[in-house]
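Asks: Need the 3D shape of this:
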Amino acid sequence: MADPNGTTPSATKPETAVYDPKPSLQYASAVGLQAAGVGALVSAIQNALGTHTSGAAGFLTRTGGTIGFFAAMGATFALTESVVANQREVDDALNGAAGGCAAGFLAGIRARSLPLAVASCAVLGTAIGTLDYNGSGLAPQNVESIEERRKRFFKQPRPTNSPEPAPDAE
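Replies: Next comes the predicted model:
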C-alpha cells in the first residue's frame with residue numbers, strides 16, 4: 001500500500017537485524033569447562049609420554065597445570081567474545097578476533113614474555129577472526145560432486161538445429 005506521499009512503507013524502513021545479547025558468564029563457564037576437558041586430555045597424554053616416578057597421579061600433580069591453563073584460555077576467549085559482542089551489539093568476526101587476542105595474550109603471559117604475549121594476541125586474534133569471517137569452516141560449503149565436475153569439464157554436444165521436414169504437398 002502506498003501512503004499519501006506515494007512511497008511504500010517497506011521502501012522507507014529497511015529491515016535491520018535485531019541483536020540477541022549473549023549471556024556472558026554462562027557462555028564463558030561452558031566453554032571453560034569444555035576447554036578443561038581438552039586440557040585434561042592433553043595432561044593425560046603429557047603424563048603418559050613423560051618419564052617420572054609419579055605414576056598416574058602425575059596427571060594432576062605433575063602436568064595438572066595444563067588443565068587449568070586450557071580452562072582459563074577457553075573462559076577468557078568466551079567471556080571476551082561475548083562481552084565485546086554485547087557492547088557492540090553486532091555478531092561478527094571482530095568479536096572472535098578480540099576473544100582470540102585475549103586468549104593469546106594469556107598464553108604469552110603464562111610464558112612470562114610480553115613480546116610473546118603480543119605476538120600470540122596477534123596470531124590467535126587473526127586466526128580466529130579469519131575463521132569467523134569465513135563462516136566458521138575451512139572447507140568450502142558448496143562442494144560439487146565428481147559427476148558435476150565431469151559434466152562441467154567436458155564439452156557438451158551442441159544441440160542439433162535440424163530443420164523440420166517440410167510437409168508433403170499433396
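Asks: Could you list every helix and strand that the longest helix belonging to the chain packs against?
Replies: When the chain is parsed with DSSP state H, its longest helix is helix 24-49. If you count contacts as 3 or more Cβ pairs under 8 Å, 6 or more residues apart in numbering; DSSP states H and E, helix 24-49 packs onto helix 58-61, helix 65-88. Using the backbone N, CA and C atoms, a C-beta is placed for each residue, glycine as well.
Asks: Buried residues in that helix, which are they?
Replies: Within helix 24-49, the residues scored as buried using 16 or more other Cβ atoms under 10 Å are 24, 27-29, 31-32, 35-36, 39-40, 43-44, 47.
Asks: same question, stretch 89-100
Replies: D91, A93, L94, N95, G96, A97, A98, G99, G100.
Asks: now the longest helix of the chain: how far from the chain's centre is it?
Replies: Computed by Cα atoms, centre = their mean, to the nearest Å, the chain-centroid distance of helix 24-49 equals 18 Å.
Asks: ok, now stretch 109-127?
Replies: Averaging C-alpha positions (Cα atoms, centre = their mean) puts stretch 109-127 19 Å from its chain's average.
Asks: pretty sure F70 contacts L41?
Replies: No - contact criterion Cβ atoms under 8 Å: F70 and L41 do not qualify, at 9.1 Å.
Asks: Which residue, neighbours along the chain excluded, lies closest to A98?
Replies: Excluding the flanking residues, the one nearest A98 by Cβ to Cβ, 6 or more residues apart in numbering is V84, at 4.5 Å.
Asks: How about the backbone phi and psi for G64?
Replies: With angles defined as degrees, to the nearest 10, G64 sits at phi -70, psi -20.
Asks: Quick one: residues contacting it.
Replies: Contacts for G64 (Cβ atoms under 8 Å, 6 or more residues apart in numbering) come out as S43.
Asks: now swap in S120 and tell me
Replies: Contact analysis of S120 by Cβ under 8 Å, 6+ apart lists G104, F105, A107, G108.
Asks: E148: which of these is nearest?
Replies: Closest approach to E148 among the contacts of S120 (Cβ to Cβ): G104, at 40.6 Å.
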